[in-house]
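Peer 1: Could you look at this predicted model? Sequence included:
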Amino acid sequence: MLELIVISTLNGVLFGMLLFLLSSGLTVIFSMMGVLNFAHASFYMLGAFFGYQLTRWIGFWPALVIAPLLVGAIGMAVERYGLRNTHKHGHVAELLLTFGLAFAIEEIVSMIWGKSPMDYRVPQALDFSAFTIFSTNYPAYKMFMLAVSVLIFIALLIVLKRTRVGLIVQAALTHPSMVAHLGHNVGRVFMLVFGVGCALAGVAGVIAGPALVTQSDMAGLLGPILFVVIVFGGLGSLPGAFIASLVIGLVQTFAVALNGSLASLFGPLDPSFNATVLADIWNVTIAQIAPILPYVLLVLILIFRPMGLMGARET
Amino acid sequence: MRKLIVAATAALTITMLGGTSYAQDTLKIGYIDPLSGGGASIGEGGLKTFQYLADEINAKGGILGHKVEIVPLDNKVNPQESLVQAQKAIDAGIHYITQGNGSSVAAALEDFVTKHNTRNPGKEVLYFNYAAVDPALTNDKCSFWHFRWDAGSDIKMEALTNYMKGVPSIKKVYLINQDYSFGQSVRADARKMLAAKRPDVQIVGDELHPLLKITDFSPYIAKIKASGADSVVTGNWGQDIALLLKAAADAGLKVNWYTYYAGGAGGPTAIKQTGLDHQVFQITEGIPNGGYQPAMDFEKAFRAKVNMSLWYPRAVNEMRMFKAAAEKAKSIDPVKVAQALEGMKFEVLDGGEGFMRKDDHQFFQPIYISSFGTLKSNEPFDEEKTGWGWHPVAKIDTQQTIVPTTCKMKRP
Amino acid sequence: MSDTATSARDLPVPARGQSLRFYGIWVIAAIVLIVLPLLFSSGSSLTSFSLIGIAIIFALSYNILLGQTGLLSFGHAVYYGLGGFAAIHVMNAVTAYDWPIPLPFIPLVGGLGGLCFAAVIGWVMTKRAGTVFAMISLGIGELVASSSLILRSVFGGESGITTDRTALPHMFGWSFGPQIQVYYLIAAWVMISAIAMYALTRTPLGRISNAVRDNPERVEFIGYDPHVVRYLASCFAGLFAGVAGGLTAINFEIANSAYLGAVQSGLVLFATFIGGTSYFFGPILGAILVTYLQLGLTNLTTVWQLYFGIIFIGIVMFAPGGIAGLLMMHRPLVRSGTLGMVIPSYLLALVPTLVLVCGVILGIETIAHYTESQGQGNVIALFGIPFDATAASTWIIAAVMIVGGYAVARITWRRIVDAWDRATTDARDRGHLA
């Protein structure tokens, strides 16, 4: 029992940090610009594919730096030539633009790299097991992912809350004309913020690519869960996203570890109920419903606390 | 205004249909499988295989003098879309359709074809299934118009358990499957058949997880590890098998993996990455390194031409047997071909005799267990340029794979 | 969605001549629906028309939320799918217990299914508008789609539940086996639903929904609860989405979990937005176009999804009012008779723009073919002309068409803007533009 708890906690934290790595960029863009970027997972995918390609050409470590920069540049271009023109039509139009973008990016990626999974491997330097607990190995690469997530969290917090740049960026959202009068180029600020958000997705892609499957449908598989994370944590709240990632990671992991169902709790159902809805509900195990638990959490929190865990505002 | 739009739509429809008028003397086979989106890599592989086989038949004069043409139709693994495509195929004068990916699609198509043939006598359509393995297709839902060349999942399990019967080192088995009809039938058959053939084997875990939704399998691996299993049986495919094996290798789990689809697109790459040398087994109806010369020659020619390994030896059996049945019936009329196929015996690509059972239109053939890893000197074929390949472990004869059926077939 | 406010504007009580024209449109629509299959009787076109009809109802129902009440939903397919399942189960029950319900009434059952779910879940969903509503709808969409795979006895797992539409009691001697009969059934329901939904926009509820979309606070001040209004709107949207789902169930004789999924929700959003949310007929255009593209593009190209994305981005960026918005921009010009001033510049711009579009298509197809075929079977046939995907000449032609087309097109686009300005100024002078 202790073994399962310890290992599940570890796995949950690791998975949660991966989620945070993915959703940090999304929440930065939202908190700064109010744009819900549907194409975020697509930028993450671009990061993974650029990372894969650059790793083949120049090695993993340079790729870890260059690929996010490339993704960030593409993000800035999207902001400059797409979102900025759409801004006047409101947030729904912006959201829909990124929605269309997600479609296009997926197809472009599969045009260039094909539809099969890439052979994207963990770099040699990190390909060993960091420690063994209850005879289960924990690879160093996962620890590396954990460290990067925490690092990004702290760096973002410091930049946004403690530096001049962060203040200007935050002011640009609420008082754009005032900031412009102070001599800052508001358009450029937004472009940079969007670029940074996308670059964060790119980092996540480069790092998660070898750990997960690098394939042209990877964006679609992760997209919805990212929204759950940032909405659950409170739209635009970085600490909220951090906590939400951990909560969702732990909930999912522990749910998998449990075998309980109503049948195991109260005994098997009377056979006369076989092949009814009741039987379906009675016999389903917690492990089976683990992946839909985040959505249950999402709906519950939106009903009872629409601003999310740490959010300041509702919309 | 609306009239204009409707007129334009209509005009476009004409142009759309204009492209589908073919010469009468070709024998067209509608290939309905994903050609765009997530499943496209698999669908394209199948398409190339069938086109290669059509070329092979055409080079030898076609079927009864008719040139064979494969008409690709993209269904995006969506049952509704498949029905639209099937309708399109029928309108283009196609009487044979083949499909493989997705049991849900297969069930929808089987139902559609059966209804279509009852409602449109004289315009019958046959449905050749080359990869959808849900046992229901040849049991409860069976249809006279459906023929399956892949072994149903129950047949594969029968073969696998017949192999396991002779391997005493298997003591504790863990089942992990995707939570949908196929995964559930794998799990149910494994339980039933192991209990009958190896009552001493303990089933230490029985897991169902949602289909293609899991990104991190380490919690499942932790459970497998805690259970003390020595073998895992899984029907997982796609990323569910790749991520499962990756997580297992990361955690240092040492078990043998008995799989249905570890050899699917991307699977070999994933196994090579994990370094699980000869620990991953697969159940198939044929393997590249089987040692049977005609099959090895075919594999070599196939790889040289289409630059991929032969995923579907059953497609070869399907097309060759179709030709043989048409020649036996001396007609390409679907009803006559169907009658000729019933009960037909056929020498399969990998050697040995198979037969199309009349009761449920299921093809029975020898099944192979193979393991993936470093190759021996007489094994020339690797997979996905990994340098590793499939090594034959056991062959289960046709007679050892026969399972009963509940099919009550309605014949025209 | 500030630009959607226009629809509420022009609604004086129709004069006699106008009302004649108004009924005329519906009569013409009905005649078109009746005549269409006589002109195009092949199975494929019947299938296409049936699907387009269903898509029209579905998109119109979505516009009750998006266009009229300002609610962006990512889970509209839930109502559609549940309506479909309700219809399938009732059809099977009718067959099993010999109930005297003929097939033409089954879509109503679907509608009730959609309505019930909307009535139950809508109350909590519509508590808030905006992003919160969008996210709740996304969550509920995922939740219902995933649950449908667990609740096998109701949803039949991923293979779904099948039925036989011909086994129901016949009506007017029709068995509804042949597609043509199903088409007419769908056409009838398209007319009924479209008229009903149009009438809905004219009721006080329809009007107050527009007000809730534009300014919920003021609505509260005048004594209406925006929450109740949003709830009622979502119930009606659920009802008609359910009708569409019921018709789909009849058309395919199968309902499965794909009906409920995100793809279906995304498609209806596409159709509605591309068509234009500000006008009642916008979603109809969008539904026709998107269904047609979906059926036609997949035959022509494997990268249809890319074209879909590009079209969508283009509409969002350059024509946020959708196709209907673009068309209706010309109404004042038509009325004032100044349309002739812009048409020459349109025709002039058409040529380089077409060159540009063809260049882009050639470029995309060449790249797609080049990467997919990996060096064999390089020849692609585009517009009936064969191109070699590996030949440098093809790439150069594409590049020249794109760059040259764009350079020339830009000049002609500017001319359009100038002509447009002149035409609208004239129209304003003649008193046809506010």
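Peer 2: Yes, it's here.
Peer 1: what about residue 238, how many neighbours?
Peer 2: You didn't say which chain, so I picked chain A. Each residue near A:Leu238 was counted by other C-beta atoms under 10 Å in any protein chain shown, and the total is 23. In short, each C-beta sits where N, CA and C put it, glycine included.
Peer 1: think we crossed wires, I meant chain B
Peer 2: Burial measure for B:Gly238: 23 neighbouring residues, criterion other C-beta under 10 Å.
Peer 1: pretty sure it is touching B:Gly264, no?
Peer 2: Yes - with contact taken as C-beta atoms under 8 Å, B:Gly238 and B:Gly264 are classed as touching, separated by 6.6 Å.
Peer 1: Is the lowest-mean-pLDDT helix or strand in chain A in proximity to chain C?
Peer 2: For chain A, the helix or strand with the lowest mean confidence is helix A:262-266, at a mean of 73 (criterion: mean pLDDT, DSSP states H and E). No - remark: helix A:262-266 sits outside contact range of chain C, by C-beta under 8 Å from any C-beta of the partner chain, the gap being at least 12.8 Å.
Peer 1: got the contact list for that helix?
Peer 2: A:269, A:281-285 (C-beta atoms under 8 Å, 6 or more residues apart in numbering or on different chains).
Peer 1: Intersect those with the contacts of chain C.
Peer 2: A:281, A:284.
Peer 1: The contacts of helix A:262-266 in helices, which ones?
Peer 2: With DSSP state H as the criterion, helices contain A:281-283 from among those.
Peer 1: CA atoms only for the helix or strand hosting B:Leu47 - export them in CSV, please.
Peer 2: Assigned by DSSP states H and E, B:Leu47 falls within helix B:40-59. This file holds the C-alpha atoms of helix B:40-59, laid out as CSV (Å, rounded to 0.1, in the frame of the first residue of the first chain):
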residue,chain,number,x,y,z
ALA,B,40,-3.8,8.2,-42.5
SER,B,41,-0.4,6.5,-42.1
ILE,B,42,-2.1,3.1,-41.7
GLY,B,43,-4.6,3.7,-44.4
GLU,B,44,-2.0,4.8,-46.9
GLY,B,45,0.1,1.7,-46.1
GLY,B,46,-3.0,-0.5,-46.8
LEU,B,47,-3.7,1.4,-50.0
LYS,B,48,-0.2,0.9,-51.4
THR,B,49,-0.5,-2.8,-50.5
PHE,B,50,-3.7,-3.2,-52.5
GLN,B,51,-2.5,-1.2,-55.4
TYR,B,52,0.6,-3.4,-55.5
LEU,B,53,-1.6,-6.5,-55.5
ALA,B,54,-3.8,-5.1,-58.2
ASP,B,55,-0.8,-4.4,-60.4
GLU,B,56,0.4,-8.0,-59.7
ILE,B,57,-3.0,-9.4,-60.9
ASN,B,58,-3.1,-7.1,-63.9
ALA,B,59,0.3,-8.1,-64.9
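Peer 1: Buried ones in that helix, by neighbour count?
Peer 2: Judged by neighbour count (16 or more other C-beta atoms under 10 Å in any protein chain shown), helix B:40-59 contains these buried residues: B:40-54, B:56-58.
Peer 1: circling back to that earlier point, wait, which of the contacts of helix A:262-266 is closest to chain C?
Peer 2: Chain C has its nearest neighbour among the contacts of helix A:262-266 in A:Val284, at 5.5 Å by C-beta to the nearest C-beta.
Peer 1: right, and that closest one touches A:Ser261 too?
Peer 2: Yes - if you go by C-beta under 8 Å, A:Val284 and A:Ser261 touch, sitting 5.9 Å apart.
Peer 1: and the residue nearest to B:Asn129 when sequence neighbours are not counted, what pLDDT?
Peer 2: Leaving aside its sequence neighbours, B:Asn129 sits nearest to B:Arg148 (C-beta to C-beta, 6 or more residues apart in numbering or on different chains; 4.4 Å). B:Arg148 carries a pLDDT value of 95.
Peer 1: Perfect, that will be all.
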